[in-house]
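Q: Sharing a model that was predicted from the sequence below.
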Amino acid sequence: MLRMLLRRLALGAITVAIVSIIIFSGVELLPGDACTAFLEREAKGKLLENCREAQGLNRGPIERYLDWAISAVQGDLGVSANGQKSITELVGNRLKNSLLLAASSLALGVPLAIFLGVITGLWRDRPIDLTLSTLAIFAMTIPEFVSATVLILVFSVWLGWLPGIVLTPAHAPAIEFFPEILLPVIVLTMVMTAHILRMVRSSVIEVMAGDYVQMATLKGVPYWRIVFRHALPNALLPAINVVALTVAWLLGGVVVIEVVFNYPGLGRMIIDSISDRDLPVVQAIALIVATVYVGVNLSADLLTMFANPRLRTLYMRRK
Amino acid sequence: MTITAGSRTQNRFTPIVQVLRDVVARPSGAIGLTLVCLHLILALISPMIVAYDYKATNSSMMLTGPDAAHWLGTDHLGRDVFTRVLLGGREALLVTGVATPIAVTWGGFLGILFGLVGGRIDEVLMRFVDAFLSLPWILKMLVLIVTFGTGVEVLIPTLAFFYGIPVIRIARAATHDVIARDFVSAARARGHGRMTIIWRELLPNVLDTLMVEGAMRWSWMLLAFSSLSFLGFGVSPPTPDWGLMIADARGFMSFAPWGVLGPVIALSSLIIGINLTADALAKALGIDRAQKAPV
């Protein structure tokens, strides 16, 4: 058990290491560096050399990569190109805000998705299933900026119920984002619910067709007892992984939503720093996001494995 | 699923006509395919049928409401919105229409190859695939686009490259399902080479999955393409594009909502059409699409 845990952790760490190399070499391949971005038109001759000297950019790429990677592990993400500010500080508030957005959407979306997924699965091909499944396809495929725009038009412009834009500054405490955060949370929840719902639905259908459910039915076990005691625990297990993948998707999809709603999170920072060619910040955000992705997927894998006795023993026997 | 995996493998290439008939027989497939065909036809003929010049501005006609002359009113520069909506999908369809087959082909080939070869190389490649997938699509694309520009010649290879990576995974998994079958062992025993096995035994059996995957990739690419335009990193003005039009018209939507609604309906109907078709196709081929990840 412990060996498997360590193996998984090591694989996750390797993935993060590869990501960091991809990020670093990706940024390295781009024309220009932090100094040309900072100095802009004056980026030539002595001034450029001095700047590169000061930032340590005239060292070899491998040395700089190791330097960057080692300080990143220690929590120091370097300094931004234009502001000369610590990125760790700069990113901190934004990360907190993005996590607030993601956590609120998850808290709302996951229970809703499981509930609706079970309903559609149990009443397969009935009107309620057809309606919800079709709505789910709409919700998950229409681009976020489109559904966000339509919701702003309806709820903010026409009905005037909810604010359509976030004006709270990045460093404000979480509570002050209410009620501005509501519309972005609703948009994220819609997309997320749709993905998880479809997964839960197909999983419920599969489980309910299983031999042991038929056996229980033949033995005369009441329907709802079968559903709750026998079917659901098995059907919901795969949902853990989909929730994890959805969290990972949230990190990317959130970019567009943060721009639409002017939400001061990590996503908008990505766009801003890419437009400003603030490469150290781009590097840092990419690394954070990738680490969260790997971490969430890893936890989901482990959680599934511990929660499912069959997988647990299977895995132990194989290793 | 009504059609089991076993019955699918018996005929090597499921006849296209039969699959198509199966797709159209389902309400979702019929509606979806109609929407997609409508959009494709419109994209082809729209330059010939539009009544106005898409870039002709008119300062005396800014943000006017819908009327007989301008069915969807005019935008903030006095351009006819209906004309721009009709033309707004051409660029998107061109880019994604070329990039999708490329992505599915290279991703599918690598996936099948590494699924067959296995071993160390496979393990290493999958780590790289995982690493690439752990970066949000928007970040990867933006870095390339900001560097190399937003032209069609940049967008097509960029989309084709990044959207081919998840296909590797899908194709590899599908190959693993097929590879243990007797006919693959038989082909090996007959002494066929790797390429022959891929071409004659694996590809026909993985093709169904790749077709559904291709339809899905197409819709994700459209989503990415229009999101990029919306953010100002895609099509450059004055070329009409739905994402860009929505971004432009958003500021005026309190008093001129038609400028937003036109492109919203156009873009949504195309993407929904593709997905309904993909859904029907998956059901017709017996593939469970709901198990797929939202990447």
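A: The structure has been received and is ready for your questions.

Q: Could I get the pLDDT score of the residue of the stretch 51-200 of chain A found nearest chain B?
A: Proximity of the stretch 51-200 of chain A to chain B (CB to the nearest CB) peaks at A:Arg198, 4.0 Å away. All C-beta atoms are positioned from the backbone trio N, CA, C, and that covers glycine. Listed pLDDT for A:Arg198 reads 84.

Q: That one: how many residues sit nearby?
A: Neighbourhood size, A:Arg198 [other CB atoms under 10 Å in any protein chain shown]: 27.

Q: got it, and B:Ile41?
A: If we define neighbours as other CB under 10 Å, then B:Ile41 has 10 of them.

Q: before we move on, what about B:Leu207?
A: 16.

Q: so how far is B:Leu285 from it?
A: As defined by CB to CB, to the nearest Å, B:Leu207 lies at a distance of 9 Å from B:Leu285.

Q: tell me which strands and helices the helix or strand hosting A:Ile22 is in contact with?
A: If you go by DSSP states H and E, A:Ile22 is part of helix A:2-29. Using 3 or more CB pairs under 8 Å, 6 or more residues apart in numbering or on different chains; DSSP states H and E, the elements in contact with helix A:2-29 are helix A:61-73, helix A:279-307, helix B:119-133.

Q: tell me the angle of the longest one relative to helix A:61-73?
A: To tie it back to what came earlier, the one meant is helix A:279-307. Taking axes from the mean of the first three to the mean of the last three CA atoms, to 10 degrees, one finds helix A:279-307 and helix A:61-73 inclined to each other by 60 degrees.

Q: Report whether helix A:279-307 contacts chain B.
A: Yes: using CB under 8 Å from any CB of the partner chain, we find that helix A:279-307 touches chain B at A:282, A:285-286, A:289-290, A:293-294, A:297.

Q: contacting residues for residue 101?
A: All of this refers to chain A. The contact partners of A:Leu101, taken as CB atoms under 8 Å, 6 or more residues apart in numbering or on different chains, are A:181, A:184-185, A:188, A:254, A:257-258, A:263, A:265.

Q: Oops, wrong one, chain B.
A: Neighbouring residues of B:Pro101 by CB under 8 Å, 6+ apart: B:Gly214.

Q: Show me the residue at the heart of chain B, geometrically.
A: By CA atoms, centre = their mean, chain B has its centre lying nearest to B:Trp218, at 0.7 Å.

Q: Identify each buried residue in the helix ranked longest in chain A, please.
A: As assigned by DSSP state H, the longest helix anywhere in chain A is helix A:87-122. Neighbour-count burial for helix A:87-122, counted by 16 or more other CB atoms under 10 Å in any protein chain shown, picks out A:87-88, A:90-91, A:93-98, A:100-102, A:104-106, A:108-110, A:112-114, A:116-122.

Q: chain center to that helix, what's the gap?
A: Distance, stretch centre to chain centre, for helix A:87-122: 9 Å (CA atoms, centre = their mean, to the nearest Å).

Q: now the angle from it to helix A:279-307?
A: Calculated by the same axes, to 10 degrees, helix A:87-122 forms an angle of 40 degrees with helix A:279-307.

Q: Could you dump the contacts of A:Leu101 into JSON lines and include distance to chain B, secondary structure and neighbour count?
A: Shown next, in JSON lines, are the contacts of A:Leu101 (distance: CB to the nearest CB, whole Å; DSSP: H, G, I helix; E, B strand; the rest coil; neighbours: other CB atoms under 10 Å in any protein chain shown):
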{"residue": "A:Ile181", "distance to chain B": "19", "secondary structure": "coil", "neighbour count": "22"}
{"residue": "A:Pro184", "distance to chain B": "15", "secondary structure": "helix", "neighbour count": "27"}
{"residue": "A:Val185", "distance to chain B": "18", "secondary structure": "helix", "neighbour count": "24"}
{"residue": "A:Leu188", "distance to chain B": "12", "secondary structure": "helix", "neighbour count": "26"}
{"residue": "A:Val254", "distance to chain B": "9", "secondary structure": "helix", "neighbour count": "27"}
{"residue": "A:Ile257", "distance to chain B": "10", "secondary structure": "helix", "neighbour count": "25"}
{"residue": "A:Glu258", "distance to chain B": "11", "secondary structure": "helix", "neighbour count": "24"}
{"residue": "A:Tyr263", "distance to chain B": "14", "secondary structure": "coil", "neighbour count": "26"}
{"residue": "A:Gly265", "distance to chain B": "13", "secondary structure": "coil", "neighbour count": "26"}
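
Q: thinking again about what came up before, was I right to think the residue nearest to the centre of chain B contacts B:Asn275?
A: No: between B:Trp218 and B:Asn275 there is no contact under CB atoms under 8 Å: 9.5 Å.

Q: and A:Ala307, how many residues sit next to it?
A: Considering only other CB under 10 Å, A:Ala307 is surrounded by 13 other residues.

Q: quick one: contacts for it?
A: The neighbours of A:Ala307, taking CB under 8 Å, 6+ apart as the test, are A:237, A:240.

Q: how close does it get to chain B?
A: Using CB to the nearest CB, to the nearest Å, one gets 19 Å for the distance from A:Ala307 to chain B.

Q: quick one, which of the helices and strands packed on helix A:2-29 is nearest to A:Val154?
A: Minimum separation from A:Val154 across those (CB to CB) falls at helix A:279-307, 31.2 Å.

Q: In that closest one, which of the residues would be classed as buried?
A: Result for helix A:279-307 [16+ other CB under 10 Å]: buried residues A:279-298, A:300-302, A:304-305.

Q: ok, now stretch A:211-218?
A: Neighbour-count burial for stretch A:211-218 [16+ other CB under 10 Å]: A:213, A:216.
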